[in-house]
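Colleague: model this:
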Amino acid sequence: MSFGGGPSGFNAIRALVDSSADFRAVADKDWAAAAGLIVKKLLIAAGQTGESLIALRAAVGEEIFEAQLKSLSHHQAKLLAKRLDKSVADLEVSTARAAIGHIRTLLAAAPAAEEKAVEPEAGITETDPSTDETRTVTQAPADDTPPESPNPYFGRKSFRTG
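Modeller: Alright, predicted model coming up:
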């Protein structure tokens, strides 16, 4: 958006950043605050994916990203969590803190899922002596415990009274 025929907002910011050596009066915390405004705008904007938010967090740093994530209202955090995970239950994002916790879980799980996809399947290698064939037998995990909820308040234990 340009007022009075000047440069666009993006070009104005680019010009300020390019000539930041000339503006020594602008402290680093002021540059961080300006970056925070843009990060917050991106967090509440539609069309964000887990990958784009991970890239945004890497670009601006953990501190600025987390500060803006914490500053989201309940409604904004809930909408962001629902945009990132359409199958999330309303109970899991019923408060701002729960929704932000779910968002953090989604953003932390994305790199772990990529690493698992790259690793070969673990299993037992067996050799059949009659045919000299080698095959890999995969085994299901023996852990029968249900996965933990991202928020410790949600679960059957939280409703016990005695």
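
Colleague: so Thr105 versus Val88, what's the distance?
Modeller: Per CB to CB, to the nearest Å, Thr105 is found 10 Å from Val88. For the C-beta atoms, the positions are set from N, CA and C on the backbone; glycine is no exception.

Colleague: what about Ala15, distance to Ala25?
Modeller: Taking CB to CB, one finds Ala15 at 16 Å from Ala25.

Colleague: and these two? which has more neighbours close in?
Modeller: Ala15 (11 against 6; other CB atoms under 10 Å).

Colleague: quick check: the more buried one is in a helix.
Modeller: Yes - Ala15 sits within a helix when classified using DSSP: H, G, I helix; E, B strand; the rest coil.

Colleague: tell me the confidence at it?
Modeller: We have a pLDDT of 85 for Ala15.

Colleague: ditto for Gly162
Modeller: pLDDT, Gly162: 57.

Colleague: now swap in Gly50 and tell me
Modeller: So Gly50 comes in at 88 (pLDDT).

Colleague: likewise for Ile124?
Modeller: 61.

Colleague: for the protein, give me the ranges with low pLDDT.
Modeller: The chain contains residues with pLDDT under 70 at 1-7, 109-162.

Colleague: in it, which spans are helices?
Modeller: Along the chain, the stretches classed as helices by DSSP state H are 9-18, 28-44, 50-60, 62-70, 74-84, 96-118.

Colleague: please identify the most buried of the ones you listed.
Modeller: Highest mean neighbour count of the helices of the chain: helix 74-84, a mean of 19 (counted as mean count of other CB atoms under 10 Å).
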